[in-house]
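Student: could you look at this predicted model? Sequence included:
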Amino acid sequence: GAVVSQHPSWVICKSGTSVKIECRSLDFQATTMFWYRQFPKQSLMLMATSNEGSKATYEQGVEKDKFLINHASLTLSTLTVTSAHPEDSSFYICSASPGLAGTGELFFGEGSRLTVL
Amino acid sequence: GENVEQHPSTLSVQEGDSAVIKCTYSDSASNYFPWYKQELGKRPQLIIDIRSNVGEKKDQRIAVTLNKTAKHFSLHITETQPEDSAVYFCAAGGTSYGKLTFGQGTILTVHP
């Protein structure tokens, strides 16, 4: 299957700092990528849809100025958590699909566990 | 938007028994229904999926059924094994590739 890689897998930062998470599709091009957030023992909540070459589409209740998304190439999307606070601590997972070039299956990155002190 | 409800939230079975997890969805436009298995701290892994033009799909011990009229779909695992223990998520999507709405998840525990 297709491969989606995410980095870093875990990060610890101080409150008030910004953290960038990268999501790469290694063997296919993805004009669209998705960012999910998962709290312990909870489901995956879609945060935003990352669109290559254009602005991301955010889900209701997600602060666009807090969670900056950039999709500058067909294989890379980044999520920056700005001015992080302890309540931003969570497991962030990206995903992408080869779309019409594949079966429509969604492939996930390894996830990034963010801990804000 | 789409809303997916998943039940039960926890399921405990003995090794060798069958396990059934059920999901309902709200958007009649959804046409893709995958099931994911997630182990602690790991990424979700697709275990089986079904599209709206099919009523049932089977892959060894795992099967999924879909009732489009009632807007519900189910995961069936037969001859469960301890390594089947994990969190299982259903999802619905299809209006745009890759955009999925997930159910709340089911913690499956298979006792040896």
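Tutor: In hand now; what should we look at?
Student: to what extent is residue 2 buried, counted in neighbours?
Tutor: With no chain named, the answer covers chain A. 17 (other C-beta atoms under 10 Å in any protein chain shown). (C-beta placed from N, C-alpha, C; glycine too.)
Student: chain B is the one I meant
Tutor: The number of residues packed near residue B:2 is 18, by other C-beta under 10 Å.
Student: surely it and residue B:26 touch.
Tutor: Yes: counting by C-beta atoms under 8 Å, residue B:2 touches residue B:26, with 6.0 Å between them.
Student: any common contacting residues for the two?
Tutor: The contact sets of residue B:2 and residue B:26 do not overlap (C-beta atoms under 8 Å, 6 or more residues apart in numbering or on different chains).
Student: confirm residue B:98 sits in a helix?
Tutor: No: Residue B:98: not assigned to a helix; according to DSSP: H, G, I helix; E, B strand; the rest coil it is coil.
Student: where's the nearest residue to it once chain neighbours are set aside relative to residue A:55, distance?
Tutor: Residue nearest to residue B:98 in three dimensions, not counting chain neighbours: residue A:97, with 3.5 Å by C-beta to C-beta, 6 or more residues apart in numbering or on different chains. Separation of residue A:97 from residue A:55 (C-beta to C-beta, to the nearest Å): 20 Å.
Student: and residue A:33, what are its bridge partners?
Tutor: Beta bridges link residue A:33 to residue A:50, residue A:96, judged by DSSP bridges.
Student: can I assume it is in contact with residue A:106?
Tutor: No: assessed by C-beta under 8 Å, residue A:33 is found out of contact with residue A:106, at 10.2 Å.
Student: of those two, who's got more company?
Tutor: residue A:33 (29 against 26).
Student: got the contact list for that one?
Tutor: With C-beta under 8 Å, 6+ apart, residue A:33 has these contacts: A:23, A:25, A:49, A:50, A:71, A:77, A:94, A:95, A:96, B:98.
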